[in-house]
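Undergrad: Please work out how this folds:
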Amino acid sequence: MSDGLPIAEAAARLGLTPDTLRYYERDGLLLHPVGRAPSGHRRYGPDDVRWIELVTRLRSTGMTIRDVRRYADLVRDGAGNEDERLELLREHRRKVLAQLAEVQQHLGAIDYKIGVYVDALEGRDAGAA
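TA: Okay, the predicted model is just below:
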């Protein structure tokens, strides 16, 4: 396979390091072995890049390596386990929604405090006029 992106280019496009891509491959997070150029260097095709984008999103939203690996295993196994894949993703979605609600509460507290300072500063400026 001579087409596809070399590891440095794929990593840059994905916002990862080459070491991270090698780790994902070594740890069973990819769907299939990455293609190789005649020189033996890795070449990432469009399907590899799309899958790694999904893996990156799942990791960025807090999915554990164990669960990403489980999801990859299920996809590799092919048809017949869609219920299990769906439940894994739904459970992760529930966790992400809970985290989002918590962050929104924190944001509300920050907004409140900003309002306190804005009111105080506007009151001080009005008193100086």
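
Undergrad: got the domain boundaries for the chain?
TA: Annotated domains of the chain cover 1-78, 81-129 [automatic domain parsing].

Undergrad: Tabulate those (JSON lines), appending mean neighbour count and mean pLDDT.
TA: C-beta coordinates here come from the backbone N, C-alpha and C atoms, glycine included. Output for these, formatted as JSON lines (neighbours: other CB atoms under 10 Å; pLDDT from 0 to 100):
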{"stretch": "domain 1-78", "mean neighbour count": "15", "mean pLDDT": "95"}
{"stretch": "domain 81-129", "mean neighbour count": "10", "mean pLDDT": "93"}
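
Undergrad: And the residue most central in space within the chain, how far from L16?
TA: Nearest to the mean C-alpha position of the chain, by CA atoms, centre = their mean, lies R57 at 2.1 Å. From R57 across to L16, the span is 12 Å (CB to CB, to the nearest Å).

Undergrad: likewise L97?
TA: Counting by CB to CB, the gap from L97 to L16 is 26 Å.

Undergrad: next one: H106
TA: As judged by CB to CB, H106 and L16 stand 28 Å apart.

Undergrad: R59: what's it in contact with?
TA: I65, V68 (CB atoms under 8 Å, 6 or more residues apart in numbering).

Undergrad: tell me which element it is part of?
TA: Using DSSP states H and E, R59 sits within helix 46-60.

Undergrad: Determine how far that helix lies from the middle of the whole chain.
TA: Using CA atoms, centre = their mean, to the nearest Å, the mean C-alpha position of helix 46-60 is found 7 Å from that of the whole chain.

Undergrad: If you count contacts, what does the top helix by length along the chain end up packed against?
TA: Counting residues, the longest helix in the chain under DSSP state H turns out to be helix 82-128. For helix 82-128, the packing partners by 3 or more CB pairs under 8 Å, 6 or more residues apart in numbering; DSSP states H and E come out as helix 65-77.
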